[in-house]
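>>> sequence unknown, structure follows:
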C-alpha cells in the first residue's frame, strides 16, 4: 500500500529516518532481486524529530551527498513516513467492491481520522471479503497528513529527485519480509522495527499486515540512558550501545542502562501483541522479527524473547537479494542489514503500485 503520485517503472528508494538516511536501488532478473546501489549517511540528532523534519537544509545536503557518492542517475524516488502523523487502523466497513469503496472512502473514513479529512491523504486495503454474511468487511485504513507528505517530498525535490510514491514504514517492511522471509498459509508473525525515536509494531497474518502500532520509543532512548548513567557524550554512548567500544569498568552500568530500556520496549511490544490477540479470535504470533537500528542494542533480543515468550530473530534485509561481493563490502552489509528493512521494501515498488 502506498500513495502513488505517478505511475513509473524504475525507482530509487530513500528511507529518511530520524537518525540516518538509507539508499537502495534494486533490479529484477530471472533469479530474483539484485542490489544495484546501496548508501548510508547519519543525520544529526535534531534534524528530524518524531517523524517531523526540523532542519530541512541538513536533510537536503545529506541526500545530495548520497546521490553523488553512489552515482545515482535515476530521479524517480520512493520514500516513506511513520510517526504520529500517520494513522493506520483496521476498521469494519459495509460490504462493497473495491471501486465502490474508492469512491466513498472520504466520508466512510471521516469518523476514524482525528484530523480534518481535507488535511489528509487516504488509502486503504480490503483485508477480506464478507464470508460470514454479516454485511461488513475488514479494511486497513491509512491516512497521512498532507503537510507531512509535502515536507518530505519537498526535501527530495530540493535534492534534485522526483518523488513518485510515498509509502508507510510498516508496509515497506512487509514488502521486505515477502522477499526474504516468505510466510506459509496460516503463519502469523510480528515485526518490531526499532528506529531512532519511533518503534513500529506490526502483525502479519498470511502475508498481510492486519495490525500496526507506533510507540514513541527507540534507539535514542538506549543512547540517552547510557549517556545519563555513565555521564558521557552522546557519541560515546552510541558506540557503547552498538558494541563499537569496550565499556571496561563501566560494563555493569552499561548493562543496567540497556536492560532498563530494553525491558520497557519489550513490555510495550507485549502489550501491543496482547491487545491484538485479545481482539482477534484464534489468533497467535509464532515469531517476532526485529529490525531497525535499535534492534542491534546488546541484550535486547534475549529480553524481548523472555518478556513475550515468543522466539525472536533479527532480520537480514538482504537475505534473499543477490549482492555482488566485488561491488559491496560484505562486512558492512552484514552490520547495516537490520537498518535497511524499510529501504529494501521501498526499493521493490514498481509500476502500478498503490
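Nice, thanks for sending it over. Every value quoted in this text rests on a predicted model; they were computed, and no experiment measured them.

>>> Can you report how many residues neighbour residue 43?
Residue 43 is flanked by 18 other residues according to other CB atoms under 10 Å. The C-beta positions use only the backbone N, C-alpha and C, and glycine is treated the same way.

>>> Is it correct that it is in contact with residue 60?
No - the criterion here is CB atoms under 8 Å, and residue 43 misses it with residue 60 at 11.4 Å.

>>> hey, where'd the helices end up in the stretch 1-150 of the chain?
In the stretch 1-150 of the chain, the segments counted as helices under DSSP state H, counting those that start in this stretch are 56-69, 98-109, 146-158.

>>> Which strands or helices does the last one pack on?
Just to be clear, that refers to helix 146-158. Counting contacts by 3 or more CB pairs under 8 Å, 6 or more residues apart in numbering; DSSP states H and E, helix 146-158 packs against strand 12-16, strand 52-53, helix 56-69, strand 76-81, strand 120-128, strand 162-168.

>>> what about 6 Å?
Under the contact criterion of 3 or more CB pairs under 6 Å, 6 or more residues apart in numbering; DSSP states H and E, helix 146-158 touches helix 56-69, strand 162-168.

>>> What are the buried residues along that helix?
Buried positions in helix 146-158, judged by neighbour count with 16 or more other CB atoms under 10 Å: 148, 149, 151, 152, 153, 155, 156.

>>> Now the fifth one. Nearest residue, chain neighbours left out?
On the basis of CB to CB, 6 or more residues apart in numbering, the spatially nearest residue to residue 153 that is not a chain neighbour turns out to be residue 163, at 4.2 Å.

>>> rewinding a little: compare the helices and strands packed on helix 146-158 and give me the one nearest residue 287.
The closest of the helices and strands packed on helix 146-158 to residue 287 is strand 162-168. By CB to CB, the value is 22.3 Å.

>>> what are the pairing partners of the closest one, and which direction each?
With DSSP bridges as the test, strand 162-168 is paired with strand 2-4 (antiparallel), strand 76-81 (parallel).

>>> where among the ones you listed is the average confidence lowest?
Across the strands paired with strand 162-168, strand 2-4 has the smallest mean pLDDT, namely a mean of 52.

>>> max-length helix in the chain?
helix 251-278 (DSSP state H).

>>> which residues touch the next helix or strand after that one?
Later in the chain than helix 251-278, the nearest helix or strand by DSSP states H and E is strand 287-291. Contacts of strand 287-291 with the rest of the structure, by CB atoms under 6 Å, 6 or more residues apart in numbering, involve 189-193, 310-315, 338, 341.

>>> same thing with stretch 256-265?
Applying CB under 6 Å, 6+ apart, the external contacts of stretch 256-265 come out as 217, 221, 222, 225, 226, 229, 297, 298, 299, 300, 303.

>>> What are the structural domain limits within this protein?
The record's domain parsing of the chain by automatic domain parsing lists 1-84+146-181+316-354, 183-314.

>>> Name the spans of the stretch 101-250 of the chain whose pLDDT lies under the cut-off.
Residues of the stretch 101-250 of the chain meeting the criterion pLDDT under 70: 129-133.

>>> Now with 80, please.
Low-confidence segments of the stretch 101-250 of the chain (pLDDT under 80): 108, 127-134, 183-186, 206-208, 242-250.

>>> follow-up on the earlier one: just the angle between the longest helix of the chain and strand 287-291, please?
130 degrees (axes from the mean of the first three to the mean of the last three CA atoms, to 10 degrees).

>>> For helix 251-278, list every residue counted as buried.
254, 257-259, 261-263, 265-266, 268-270, 272-273, 276-277.

>>> which two in those residues are spaced the farthest apart?
Pairwise distances across the buried residues of helix 251-278 (CB to CB) peak at 34.0 Å, for the pair 254 and 277.

>>> Please list all residues in contact with residue 41.
21, 62, 66.

>>> For burial, what's the neighbour tally of residue 224?
By other CB under 10 Å, the residues close to residue 224 number 16.

>>> could you say which helix or strand contains it?
Going by DSSP H and E, residue 224 is in helix 219-230.

>>> which secondary structure elements does that helix contact?
Helix 219-230 packs on helix 234-241, helix 251-278, going by 3+ CB pairs under 6 Å, 6+ apart.

>>> Helix, strand, or coil at residue 317?
Here residue 317 takes the coil state, with states given by DSSP: H, G, I helix; E, B strand; the rest coil.

>>> Number of residues surrounding it?
Applying other CB under 10 Å, we find 25 residues neighbouring residue 317.

>>> what's the closest non-adjacent residue to it?
Take residue 317 and drop its neighbours on the chain: the residue closest to it by CB to CB, 6+ apart is residue 340, 4.2 Å away.

>>> Check residue 297 too.
residue 222 is the one closest to residue 297 (CB to CB, 6+ apart), at 5.0 Å.

>>> for the one you found, what are its contacts?
For residue 222, the contacting residues are 241, 261, 297, by CB under 6 Å, 6+ apart.

>>> Relative to residue 55, how far out is it?
Separation of residue 222 from residue 55 (CB to CB, to the nearest Å): 23 Å.

>>> got it, and residue 322?
Relative to residue 55, residue 322 is positioned 37 Å away (CB to CB).

>>> now residue 126
Separation of residue 126 from residue 55 (CB to CB) stands at 39 Å.
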